[in-house]
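Participant: Give me coordinates for this.
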Amino acid sequence: MDSTQLHVAIFSSPGMGHLIPVLVLGNQLATHHNIKITILTITTNSSSPEIEFLKKKKNIEIIHVPSVDISHLIDSNTKVLTQLRLMVREALPGIRSVIASMNHRLDALIVDIFGTQILPIAQEFNIAKYVFHTTSAWALALFIYLQVLDQKTEGEYVDLKQPLEIPGCKALRPDDVVDPMMDRSDQQYHEYLKLTIEYTCFDGILINTWEDLEGETIKALRSNEKLQQGLKVPLPIYPIGPLRRTVEITERDEVIQWLDKQNYESILFVSFGSGGALSSQQMIELAWGLELSQQKFVWVVRPPSDGDPDNAYLKSNGSDTRGTFEYLPEGFLTRTKDMGLVVPMWANQVEILSHSSVGGFMSHCGWNSTVESLTNGVPMIAWPLHAEQKMNAAMLTEELGVAIRPAVLPTKKMVKREEIQGMVRILMDTKEGKSIREKAKKLKISAENALSEGGSSYNSMCELVKDIRTR
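Facilitator: Down below sits the predicted model:
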């Protein structure tokens with residue numbers, strides 16, 4: 001095989017949820033395939049732990065594309081996907097300048113889901129181009145089939161009486177459609193449709209999943225002719241996951257030290273991601289539910305958001321209200337001081353989920369968090385909030401059997417303390433919970449096998465590198 005070093009650029013849209021898998025992919029290609037990686041990112045968060053860690057790698061360069069002002073293009077009703085698309089669109093001249101000024105020719109450009117507008121730049125410089133789909137294969141299948149659904153569906157998807165059929169895949173309940181599909185008259189839906197068209201012009205699609213997890217769906221993506229009606233030509237599919245952050249404990253912080261003192265698999269970790277915020281009333285119900293369950297917990301608390309959840313997502317850094325917690329029930333911290341640990345704003349999720357004392361995860365079901373939970377064999381209480389998280393929750397509960405969830409979606413109805421208490425106890429302290437945990441542990445082993453030498457994802461990554469090299 002040709003031993004000359006490849007040069008690959010990977011683009012990340014704004015937001016830690018997009019940046020993290022891009023950084024992990026870059027690290028994987030640089031470390032295991034000796035590829036020179038340049039990561040392009042529109043982000044102001046240049047001091048994230050992941051970026052700081054990768055800056056020390058000799059094969060990885062990180063370039064921050066100048067951020068852009070889109071305030072004149074949006075109003076208070078502009079949805080998050082539209083805003084992300086506009087940010088990338090406005091940044092295209094800066095991205096082109098960065099690529100044009102590189103002192104070596106790129107062998108390939110990999111973009112995340114919102115970076116597909118970079119396509120003309122890749123074509124101008126005659127660079128092989130790939131999309132990194134950072135969510136599930138099922139979400140990708142819906143995405144690819146959307147052009148067909150758009151033509152044959154009348155009215156709103158959420159008002160349909162029957163599930164949406166996706167050829168070769170699990171059908172999708174109208175309640176679980178992704179956020180951009182919930183209002184077909186909104187600009188966000190039209191941007192989403194454009195995305196699906198842009199996907200079809202790339203040379204291949206990388207997915208952060210693995211064969212054992214979504215075998216039937218991956219098979220459909222590769223060979224189901226009805227599903228591929230959404231593509232101009234069938235594209236190579238590369239399941240290369242589960243890519244997740246590695247545990248890098250340099251010093252044991254307060255949370256890890258507290259976990260060190262707890263019993264094996266006795267702790268429920270509660271976190272809704274960097275962009276997840278609950279309403280004030282829901283936060284009170286959650287606090288009471290945790291307290292009534294009498295199960296130990298670590299809860300990462302962010303200030304409540306009683307406004308638009310999209311704004312909460314985009315302003316996910318929020319105002320840091322460390323130590324105040326005035327929005328929790330009166331006396332909650334005192335009453336639970338021996339039972340739980342309340343952490344303001346942020347905690348080191350990878351280290352927590354990999355700790356032996358953690359036995360469950362109440363999660364928003366973002367795909368990064370889902371992958372981090374599954375690869376540590378930790379079962380979940382699914383609490384979806386944004387984007388494709390309802391799909392992830394449905395897959396985790398109904399197909400994989402590694403999670404339980406509220407009877408009604410938290411985005412539709414307040415989840416009361418009694419139901420929260422019940423879910424926590426089921427997961428942490430019953431035979432049913434033990435069965436769910438055993439299934440999660442089997443998936444952990446399957447994930448390790450997929451990534452090991454000769455495993456399905458390892459081989460898929462090798463195929464990708466081979467394809468880049470022969471173009």
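Participant: May I have the beta-bridge partners of V111?
Facilitator: When bridges are taken as DSSP bridges, the partners of V111 come out as F11, V131.
Participant: ok, now which ones touch it?
Facilitator: By Cβ atoms under 8 Å, 6 or more residues apart in numbering, V111 lies in contact with I10, F11, I118, K129, Y130, V131, F132. Using the backbone N, CA and C atoms, a C-beta is placed for each residue, glycine as well.
Participant: Just give me the residue closest to the centre of the protein.
Facilitator: When Cα atoms, centre = their mean is applied to the chain, the residue found nearest the centroid is W367 (3.1 Å).
Participant: That residue contacts H133, doesn't it?
Facilitator: No: if you go by Cβ atoms under 8 Å, W367 and H133 don't touch, sitting 9.6 Å apart.
Participant: anything in contact with each of those two?
Facilitator: Common neighbours of W367 and H133, counting by Cβ under 8 Å, 6+ apart, are A139, N208.
Participant: got a list of contacts for the helix or strand where K439 lies?
Facilitator: Assigned by DSSP states H and E, K439 belongs to helix 431-451. Applying Cβ under 8 Å, 6+ apart, the contact partners of helix 431-451 are 210-213, 241-242, 265, 359-360, 373-380, 400-404, 426-427, 455-458.
Participant: can you pull out the strands in the chain?
Facilitator: Secondary structure of the chain, counting by DSSP state E: strands at 7-12, 36-41, 60-64, 108-112, 128-133, 205-207, 237-239, 267-271, 296-301, 340-344, 358-363, 380-382, 403-404.
Participant: got the angle for the fourth one vs strand 36-41?
Facilitator: This means strand 108-112. Strand 108-112 runs at 30 degrees relative to strand 36-41, counting by axes from the mean of the first three to the mean of the last three Cα atoms, to 10 degrees.
Participant: pLDDT score assigned to H133?
Facilitator: H133 is assigned 95 on the pLDDT scale.
Participant: before we move on, the earlier item: for the contacts of V111, name the two members farthest from one another.
Facilitator: Using Cβ to Cβ, the contacts of V111 reach their maximum pairwise distance at I118 and F132, which is 12.2 Å.
Participant: Who are the contact partners of A108?
Facilitator: The contact partners of A108, by Cβ under 8 Å, 6+ apart, come to L6, V8, A9, I127, A128, K129, Y130, I468, R471.
Participant: Correction: the previous question concerned I10.
Facilitator: Counting by Cβ under 8 Å, 6+ apart, I10 touches V22, L25, G26, I37, T38, I39, L40, L109, I110, V111, F132.
Participant: Low-confidence regions, the stretch 351-471 of the chain specifically.
Facilitator: Scanning the stretch 351-471 of the chain for pLDDT under 70 picks out no residues.
Participant: filter the contacts of helix 431-451 to the buried ones?
Facilitator: Buried members of the contacts of helix 431-451, scored by 16 or more other Cβ atoms under 10 Å, are 210-213, 241-242, 265, 359-360, 373-380, 400, 402-404, 426-427, 455-458.
Participant: taking these one by one, which sit in helices?
Facilitator: Secondary structure from DSSP state H places S373, L374, I426, L427, S456, S457, Y458 of those in helices.
Participant: Pull up the gap between the fourth one and D338, please.
Facilitator: So that's L427. The gap separating L427 from D338 is 21 Å, by Cβ to Cβ, to the nearest Å.
Participant: cool, the first one as well?
Facilitator: As judged by Cβ to Cβ, S373 and D338 stand 26 Å apart.
Participant: cool, the fifth one as well?
Facilitator: Distance of S456 to D338, given as Cβ to Cβ: 45 Å.
Participant: and what of the second one?
Facilitator: Counting by Cβ to Cβ, the separation of L374 from D338 is 31 Å.
Participant: Ok, G241 next?
Facilitator: G241 is 39 Å from D338, by Cβ to Cβ.
Participant: hey, which helix or strand in this protein has the poorest pLDDT?
Facilitator: Across the helices and strands of the chain, mean confidence by mean pLDDT, DSSP states H and E is lowest for helix 309-314: a mean of 53.
Participant: Count the residues that sit near Q28.
Facilitator: Neighbour count of Q28, defined by other Cβ atoms under 10 Å: 17.
Participant: what's the neighbour count on V68?
Facilitator: A count of neighbours around V68, defined by other Cβ under 10 Å, yields 18.
Participant: next one: V371
Facilitator: So V371, with other Cβ under 10 Å, has 26 neighbours.
Participant: Let me see the contact set for it.
Facilitator: For V371, the contact set (Cβ under 8 Å, 6+ apart) comprises N208, G241, P242, L243, R244.
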